[in-house]
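Enquirer: Turn this into a model:
(chains A, B, C and D)
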Protein chains: 2
Amino acid sequence: MMRKSPSPAAVEAWGRLIRVSRQLIEKTEDALKAGKLPPLAWYDVLHELAEAGEGGLRPFELIDRVLLAQYNVSRLLARLEADGLVERLAVADDGRGQTVRITADGRDMRRRIWSVYGKAIAELMGDQLSSKELEALATLLGRLRQPPITQ
Amino acid sequence: MMRKSPSPAAVEAWGRLIRVSRQLIEKTEDALKAGKLPPLAWYDVLHELAEAGEGGLRPFELIDRVLLAQYNVSRLLARLEADGLVERLAVADDGRGQTVRITADGRDMRRRIWSVYGKAIAELMGDQLSSKELEALATLLGRLRQPPITQ
DNA sequence: TCCATGTCGATGCACTTGCATCTATATGGA
DNA sequence: TCCATATAGATGCAAGTGCATCGACATGGA
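Expert: Sure, this is the predicted structure:
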(Lines give C-alpha, C1' and ligand atoms only; values in the text may rest on other atoms or scores of the structure.)
Protein backbone atom coordinates (compact mmCIF):
# COMPACT_ATOMS: atom_id res chain seq x y z
CA MET A 1 0.00 0.00 0.00
CA MET A 2 1.45 3.38 -1.01
CA ARG A 3 1.20 5.67 1.92
CA LYS A 4 2.56 8.88 0.42
CA SER A 5 3.98 9.66 -2.99
CA PRO A 6 6.96 11.92 -3.54
CA SER A 7 6.84 14.52 -6.31
CA PRO A 8 8.96 13.87 -9.41
CA ALA A 9 11.09 16.88 -8.46
CA ALA A 10 11.73 15.39 -5.03
CA VAL A 11 12.67 12.04 -6.55
CA GLU A 12 15.05 13.69 -9.00
CA ALA A 13 16.76 15.74 -6.30
CA TRP A 14 16.94 12.67 -4.04
CA GLY A 15 18.49 10.52 -6.72
CA ARG A 16 21.13 13.09 -7.52
CA LEU A 17 21.93 13.67 -3.87
CA ILE A 18 22.47 9.97 -3.25
CA ARG A 19 24.46 9.37 -6.38
CA VAL A 20 26.61 12.47 -6.17
CA SER A 21 27.49 11.93 -2.55
CA ARG A 22 28.46 8.33 -3.25
CA GLN A 23 30.58 9.34 -6.22
CA LEU A 24 32.38 12.07 -4.32
CA ILE A 25 33.07 9.85 -1.33
CA GLU A 26 34.28 7.04 -3.54
CA LYS A 27 36.64 9.30 -5.44
CA THR A 28 37.99 10.71 -2.21
CA GLU A 29 38.49 7.27 -0.69
CA ASP A 30 40.28 6.20 -3.84
CA ALA A 31 42.59 9.18 -3.58
CA LEU A 32 43.35 8.29 0.03
CA LYS A 33 44.08 4.69 -0.87
CA ALA A 34 46.34 5.84 -3.67
CA GLY A 35 48.28 7.82 -1.06
CA LYS A 36 48.34 4.80 1.27
CA LEU A 37 46.33 6.74 3.80
CA PRO A 38 43.53 5.49 6.05
CA PRO A 39 39.84 6.03 5.22
CA LEU A 40 37.78 9.17 5.74
CA ALA A 41 36.29 7.96 9.02
CA TRP A 42 39.76 8.15 10.55
CA TYR A 43 40.01 11.77 9.49
CA ASP A 44 36.67 12.64 11.03
CA VAL A 45 37.67 11.24 14.40
CA LEU A 46 41.16 12.75 14.33
CA HIS A 47 39.67 16.08 13.31
CA GLU A 48 37.19 16.14 16.19
CA LEU A 49 39.89 15.13 18.64
CA ALA A 50 42.25 17.79 17.32
CA GLU A 51 39.53 20.42 17.74
CA ALA A 52 38.86 19.18 21.25
CA GLY A 53 42.48 19.87 22.26
CA GLU A 54 44.34 18.54 25.26
CA GLY A 55 41.16 17.81 27.19
CA GLY A 56 40.25 15.15 24.68
CA LEU A 57 36.77 13.73 24.25
CA ARG A 58 34.73 10.95 25.74
CA PRO A 59 33.80 8.29 23.19
CA PHE A 60 30.10 9.08 23.59
CA GLU A 61 30.78 12.72 22.68
CA LEU A 62 32.55 11.53 19.56
CA ILE A 63 29.54 9.45 18.58
CA ASP A 64 27.25 12.47 18.18
CA ARG A 65 29.82 14.40 16.24
CA VAL A 66 30.88 11.82 13.68
CA LEU A 67 27.56 10.07 13.00
CA LEU A 68 28.98 6.63 13.67
CA ALA A 69 27.40 3.83 15.67
CA GLN A 70 28.69 3.17 19.17
CA TYR A 71 30.33 -0.13 18.30
CA ASN A 72 31.97 1.45 15.28
CA VAL A 73 33.54 4.18 17.35
CA SER A 74 34.67 1.65 19.92
CA ARG A 75 36.46 -0.39 17.29
CA LEU A 76 37.79 2.57 15.35
CA LEU A 77 39.34 3.96 18.52
CA ALA A 78 40.95 0.58 19.16
CA ARG A 79 42.56 0.73 15.71
CA LEU A 80 43.64 4.33 16.17
CA GLU A 81 45.18 3.46 19.51
CA ALA A 82 46.94 0.43 18.04
CA ASP A 83 48.49 2.78 15.48
CA GLY A 84 49.50 5.23 18.19
CA LEU A 85 47.31 8.02 16.83
CA VAL A 86 45.22 8.44 19.96
CA GLU A 87 45.61 7.56 23.62
CA ARG A 88 42.95 6.55 26.13
CA LEU A 89 43.00 7.92 29.63
CA ALA A 90 40.91 6.82 32.56
CA VAL A 91 38.58 9.56 33.68
CA ALA A 92 38.58 10.41 37.37
CA ASP A 93 34.92 10.95 38.14
CA ASP A 94 33.43 8.13 36.06
CA GLY A 95 34.86 4.66 36.42
CA ARG A 96 33.00 3.42 33.34
CA GLY A 97 34.47 5.97 31.04
CA GLN A 98 37.66 7.09 29.38
CA THR A 99 38.95 10.16 27.68
CA VAL A 100 40.45 9.92 24.25
CA ARG A 101 43.17 12.32 23.25
CA ILE A 102 44.97 12.74 19.95
CA THR A 103 48.73 12.16 19.98
CA ALA A 104 51.44 14.00 18.07
CA ASP A 105 51.47 11.16 15.54
CA GLY A 106 47.71 11.54 15.29
CA ARG A 107 47.99 15.23 14.50
CA ASP A 108 50.56 14.44 11.90
CA MET A 109 48.37 11.79 10.32
CA ARG A 110 45.46 14.21 10.31
CA ARG A 111 47.54 16.71 8.37
CA ARG A 112 48.63 14.07 5.89
CA ILE A 113 45.07 12.93 5.29
CA TRP A 114 43.94 16.52 4.90
CA SER A 115 46.53 17.18 2.21
CA VAL A 116 44.68 14.65 0.06
CA TYR A 117 41.16 15.19 1.40
CA GLY A 118 41.32 18.97 1.10
CA LYS A 119 42.56 18.69 -2.43
CA ALA A 120 39.66 16.39 -3.28
CA ILE A 121 37.16 18.84 -1.80
CA ALA A 122 38.74 21.69 -3.76
CA GLU A 123 38.58 19.79 -7.03
CA LEU A 124 35.29 17.97 -6.66
CA MET A 125 33.36 20.76 -4.97
CA GLY A 126 35.20 24.08 -5.04
CA ASP A 127 36.15 23.97 -8.69
CA GLN A 128 32.68 22.98 -9.87
CA LEU A 129 30.60 25.74 -8.32
CA SER A 130 30.98 29.49 -7.78
CA SER A 131 31.03 30.76 -4.23
CA LYS A 132 27.44 31.98 -4.59
CA GLU A 133 26.43 28.52 -5.73
CA LEU A 134 28.33 26.85 -2.90
CA GLU A 135 26.48 29.03 -0.47
CA ALA A 136 23.14 28.26 -2.10
CA LEU A 137 23.90 24.53 -1.99
CA ALA A 138 24.89 24.68 1.67
CA THR A 139 21.68 26.53 2.51
CA LEU A 140 19.49 24.04 0.67
CA LEU A 141 21.26 21.11 2.31
CA GLY A 142 20.91 22.75 5.70
CA ARG A 143 17.16 22.66 5.21
CA LEU A 144 17.33 18.89 4.73
CA ARG A 145 19.08 18.26 8.01
CA GLN A 146 17.19 16.72 10.86
CA PRO A 147 16.37 19.05 12.48
CA PRO A 148 16.59 21.56 9.62
CA ILE A 149 18.67 24.70 9.83
CA THR A 150 16.67 27.82 9.11
CA GLN A 151 19.15 30.52 8.45
CA MET B 1 52.49 18.77 1.98
CA MET B 2 49.26 20.58 1.15
CA ARG B 3 48.75 20.52 -2.55
CA LYS B 4 45.58 22.54 -2.89
CA SER B 5 43.34 24.14 -0.34
CA PRO B 6 39.56 24.20 -0.59
CA SER B 7 37.69 27.41 0.15
CA PRO B 8 35.74 27.58 3.41
CA ALA B 9 32.52 27.69 1.37
CA ALA B 10 33.51 24.49 -0.43
CA VAL B 11 34.31 22.77 2.86
CA GLU B 12 30.99 23.86 4.36
CA ALA B 13 28.99 22.63 1.36
CA TRP B 14 30.99 19.38 1.32
CA GLY B 15 30.40 18.71 4.99
CA ARG B 16 26.70 19.28 4.70
CA LEU B 17 26.44 17.12 1.59
CA ILE B 18 28.17 14.20 3.29
CA ARG B 19 26.28 14.50 6.54
CA VAL B 20 22.87 15.09 5.04
CA SER B 21 23.15 12.22 2.59
CA ARG B 22 24.22 9.88 5.38
CA GLN B 23 21.39 10.99 7.60
CA LEU B 24 18.79 10.59 4.89
CA ILE B 25 20.03 7.17 3.88
CA GLU B 26 20.18 6.01 7.48
CA LYS B 27 16.65 7.17 8.17
CA THR B 28 15.41 5.45 5.06
CA GLU B 29 17.22 2.21 5.86
CA ASP B 30 15.74 2.34 9.36
CA ALA B 31 12.26 2.74 7.92
CA LEU B 32 12.85 -0.26 5.66
CA LYS B 33 14.09 -2.37 8.55
CA ALA B 34 11.09 -1.33 10.61
CA GLY B 35 8.92 -2.67 7.78
CA LYS B 36 10.97 -5.88 7.61
CA LEU B 37 12.03 -4.98 4.09
CA PRO B 38 15.43 -5.46 2.45
CA PRO B 39 17.94 -2.61 2.08
CA LEU B 40 17.97 0.16 -0.50
CA ALA B 41 20.46 -1.61 -2.76
CA TRP B 42 17.86 -4.28 -3.41
CA TYR B 43 15.44 -1.61 -4.53
CA ASP B 44 17.94 -0.09 -6.92
CA VAL B 45 18.56 -3.39 -8.65
CA LEU B 46 14.90 -4.38 -8.75
CA HIS B 47 14.04 -0.94 -10.10
CA GLU B 48 16.55 -1.14 -12.92
CA LEU B 49 15.42 -4.64 -13.79
CA ALA B 50 11.77 -3.58 -13.77
CA GLU B 51 12.60 -0.70 -16.12
CA ALA B 52 14.49 -3.06 -18.39
CA GLY B 53 11.40 -5.22 -18.86
CA GLU B 54 11.20 -8.75 -20.18
CA GLY B 55 14.54 -8.50 -21.95
CA GLY B 56 16.28 -8.20 -18.60
CA LEU B 57 19.79 -6.90 -18.14
CA ARG B 58 23.28 -8.31 -18.17
CA PRO B 59 25.03 -7.97 -14.80
CA PHE B 60 27.63 -5.65 -16.30
CA GLU B 61 24.87 -3.31 -17.47
CA LEU B 62 23.51 -3.27 -13.95
CA ILE B 63 26.91 -2.30 -12.58
CA ASP B 64 27.00 1.04 -14.42
CA ARG B 65 23.46 1.88 -13.44
CA VAL B 66 23.57 1.16 -9.71
CA LEU B 67 27.09 2.31 -8.84
CA LEU B 68 27.98 -0.96 -7.16
CA ALA B 69 31.20 -2.91 -7.51
CA GLN B 70 31.19 -5.99 -9.71
CA TYR B 71 31.56 -8.44 -6.85
CA ASN B 72 28.79 -6.69 -4.97
CA VAL B 73 26.40 -7.05 -7.86
CA SER B 74 27.38 -10.69 -8.27
CA ARG B 75 26.57 -11.44 -4.66
CA LEU B 76 23.47 -9.29 -4.50
CA LEU B 77 22.07 -11.09 -7.53
CA ALA B 78 22.76 -14.41 -5.81
CA ARG B 79 20.71 -13.26 -2.82
CA LEU B 80 17.92 -11.92 -5.00
CA GLU B 81 17.82 -15.19 -6.88
CA ALA B 82 17.79 -17.20 -3.66
CA ASP B 83 14.74 -15.19 -2.63
CA GLY B 84 13.07 -15.78 -6.00
CA LEU B 85 13.04 -12.08 -6.89
CA VAL B 86 15.10 -12.43 -10.05
CA GLU B 87 15.97 -15.23 -12.44
CA ARG B 88 19.15 -15.79 -14.40
CA LEU B 89 19.03 -16.94 -17.99
CA ALA B 90 21.88 -18.11 -20.15
CA VAL B 91 22.47 -15.75 -23.05
CA ALA B 92 22.72 -17.29 -26.50
CA ASP B 93 25.51 -15.32 -28.14
CA ASP B 94 27.89 -15.06 -25.18
CA GLY B 95 28.75 -18.19 -23.26
CA ARG B 96 30.33 -16.22 -20.42
CA GLY B 97 27.27 -14.19 -19.71
CA GLN B 98 23.78 -14.36 -18.37
CA THR B 99 20.68 -12.24 -18.47
CA VAL B 100 18.95 -11.29 -15.27
CA ARG B 101 15.21 -10.77 -15.28
CA ILE B 102 12.89 -9.66 -12.52
CA THR B 103 10.18 -12.13 -11.48
CA ALA B 104 6.59 -11.42 -10.45
CA ASP B 105 7.67 -11.75 -6.82
CA GLY B 106 10.45 -9.31 -7.57
CA ARG B 107 8.02 -6.74 -8.96
CA ASP B 108 5.88 -7.19 -5.92
CA MET B 109 8.83 -6.69 -3.59
CA ARG B 110 9.84 -3.59 -5.51
CA ARG B 111 6.38 -2.12 -4.95
CA ARG B 112 6.48 -2.95 -1.26
CA ILE B 113 9.89 -1.34 -0.83
CA TRP B 114 8.73 1.70 -2.76
CA SER B 115 5.76 2.20 -0.47
CA VAL B 116 8.25 2.89 2.32
CA TYR B 117 11.05 4.41 0.25
CA GLY B 118 8.75 6.80 -1.61
CA LYS B 119 7.24 7.93 1.63
CA ALA B 120 10.71 8.61 3.03
CA ILE B 121 11.64 10.67 -0.03
CA ALA B 122 8.41 12.64 0.26
CA GLU B 123 8.96 13.41 3.92
CA LEU B 124 12.70 13.92 4.01
CA MET B 125 13.05 15.74 0.70
CA GLY B 126 9.71 16.80 -0.76
CA ASP B 127 8.29 18.24 2.43
CA GLN B 128 11.41 20.23 3.26
CA LEU B 129 11.87 22.20 0.06
CA SER B 130 9.60 23.98 -2.41
CA SER B 131 9.52 22.74 -5.98
CA LYS B 132 11.67 25.68 -7.07
CA GLU B 133 14.20 24.77 -4.42
CA LEU B 134 14.13 21.10 -5.37
CA GLU B 135 14.89 22.09 -8.91
CA ALA B 136 17.71 24.39 -7.82
CA LEU B 137 19.18 21.62 -5.66
CA ALA B 138 19.00 19.11 -8.50
CA THR B 139 20.74 21.55 -10.82
CA LEU B 140 23.53 22.28 -8.39
CA LEU B 141 24.04 18.58 -7.69
CA GLY B 142 24.07 17.88 -11.41
CA ARG B 143 27.07 20.17 -11.70
CA LEU B 144 28.92 18.04 -9.15
CA ARG B 145 28.48 14.85 -11.10
CA GLN B 146 31.43 13.34 -12.90
CA PRO B 147 31.12 14.32 -15.67
CA PRO B 148 29.00 17.35 -14.74
CA ILE B 149 25.62 18.01 -16.28
CA THR B 150 25.40 21.45 -17.83
CA GLN B 151 21.77 22.11 -18.37
C1' DT C 1 44.11 -22.38 -36.71
C1' DC C 2 46.50 -20.90 -32.75
C1' DC C 3 47.55 -18.04 -29.16
C1' DA C 4 47.79 -13.67 -26.59
C1' DT C 5 44.87 -10.64 -24.62
C1' DG C 6 40.52 -8.97 -22.93
C1' DT C 7 35.95 -9.34 -20.77
C1' DC C 8 32.24 -11.67 -17.89
C1' DG C 9 31.15 -13.17 -13.67
C1' DA C 10 32.30 -15.94 -9.32
C1' DT C 11 34.85 -16.66 -5.13
C1' DG C 12 38.59 -17.38 -1.13
C1' DC C 13 40.25 -14.72 2.35
C1' DA C 14 40.74 -10.96 5.39
C1' DC C 15 38.54 -7.22 7.32
C1' DT C 16 34.53 -4.37 8.62
C1' DT C 17 29.81 -3.78 10.03
C1' DG C 18 25.40 -4.74 12.37
C1' DC C 19 23.04 -6.78 15.96
C1' DA C 20 22.51 -8.29 20.29
C1' DT C 21 24.30 -8.67 24.49
C1' DC C 22 27.67 -8.37 28.20
C1' DT C 23 30.36 -6.28 32.05
C1' DA C 24 31.20 -2.52 34.87
C1' DT C 25 30.01 1.55 36.96
C1' DA C 26 26.64 5.31 38.15
C1' DT C 27 22.35 7.07 39.87
C1' DG C 28 18.19 7.64 42.27
C1' DG C 29 14.51 6.11 45.08
C1' DA C 30 12.67 3.10 48.92
C1' DT D 1 22.09 0.94 52.64
C1' DC D 2 20.14 -1.75 49.08
C1' DC D 3 18.34 -2.53 44.81
C1' DA D 4 16.28 -1.42 40.28
C1' DT D 5 17.36 0.98 36.42
C1' DA D 6 20.28 3.58 33.31
C1' DT D 7 24.57 4.60 30.95
C1' DA D 8 29.59 3.80 29.13
C1' DG D 9 31.94 1.02 26.43
C1' DA D 10 33.45 -3.78 24.68
C1' DT D 11 32.63 -7.97 22.16
C1' DG D 12 30.87 -12.78 20.05
C1' DC D 13 28.78 -13.99 16.11
C1' DA D 14 26.69 -13.58 11.65
C1' DA D 15 26.51 -11.06 7.49
C1' DG D 16 28.40 -7.88 4.16
C1' DT D 17 32.48 -5.69 1.75
C1' DG D 18 37.00 -5.09 -0.54
C1' DC D 19 40.74 -7.07 -2.74
C1' DA D 20 42.85 -10.11 -5.48
C1' DT D 21 42.41 -13.71 -8.35
C1' DC D 22 40.31 -17.44 -10.81
C1' DG D 23 37.95 -20.06 -14.56
C1' DA D 24 35.36 -19.66 -18.63
C1' DC D 25 34.54 -17.78 -22.88
C1' DA D 26 35.38 -14.08 -26.65
C1' DT D 27 38.11 -11.61 -29.92
C1' DG D 28 41.53 -10.32 -33.04
C1' DG D 29 45.89 -10.71 -35.19
C1' DA D 30 49.78 -13.75 -36.99
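
Enquirer: And for A:Asp127, the neighbour number?
Expert: 12 (other Cβ atoms under 10 Å in any protein chain shown). C-betas here are computed from N, CA, C, even on glycine.

Enquirer: residues touching the closest residue to A:Ala120 other than its chain neighbours, list them.
Expert: If the residues on either side of it in the chain are set aside, A:Ala120 comes closest to A:Thr28, at 4.4 Å by Cβ to Cβ, 6 or more residues apart in numbering or on different chains. Listed by Cβ atoms under 8 Å, 6 or more residues apart in numbering or on different chains, the contact partners of A:Thr28 are A:40, A:116-117, A:120-121, A:124.

Enquirer: For A:Tyr117, see how far away A:Thr28 is.
Expert: Computed as Cβ to Cβ, to the nearest Å, the A:Thr28 to A:Tyr117 distance reads 6 Å.

Enquirer: Overlap in contacts, the two.
Expert: The contact lists of A:Thr28 and A:Tyr117 share A:Leu40, where a contact means Cβ under 8 Å, 6+ apart.

Enquirer: Other residues contacting stretch A:62-78?
Expert: A:41-42, A:44-45, A:48-49, A:57, A:59-60, A:86, A:88, A:100, B:19, B:22-23, B:26.

Enquirer: So which of those is surrounded by the most neighbours?
Expert: Of all those, A:Val45 has the most neighbours under the rule other Cβ under 10 Å, reaching 27 neighbours.

Enquirer: Am I right that that one is in a strand?
Expert: No - according to DSSP: H, G, I helix; E, B strand; the rest coil, A:Val45 belongs to no strand; its state is helix.

Enquirer: tell me the mean pLDDT for stretch A:51-70?
Expert: For stretch A:51-70, mean pLDDT is 94.

Enquirer: does DNA strand D sit close to the one helix or strand A:Ala78 maps to?
Expert: Here A:Ala78 is covered by helix A:70-82, with elements defined by DSSP states H and E. Yes - if you take Cβ under 7 Å from any atom of the strand as the test, helix A:70-82 does meet DNA strand D, through A:70-71, A:74-75, A:77-78.

Enquirer: how about the residues of chain A that lie near DNA strand C?
Expert: Within reach of DNA strand C by Cβ under 7 Å from any atom of the strand, chain A has these residues: A:41, A:69-72, A:75-76, A:79, A:93-96.
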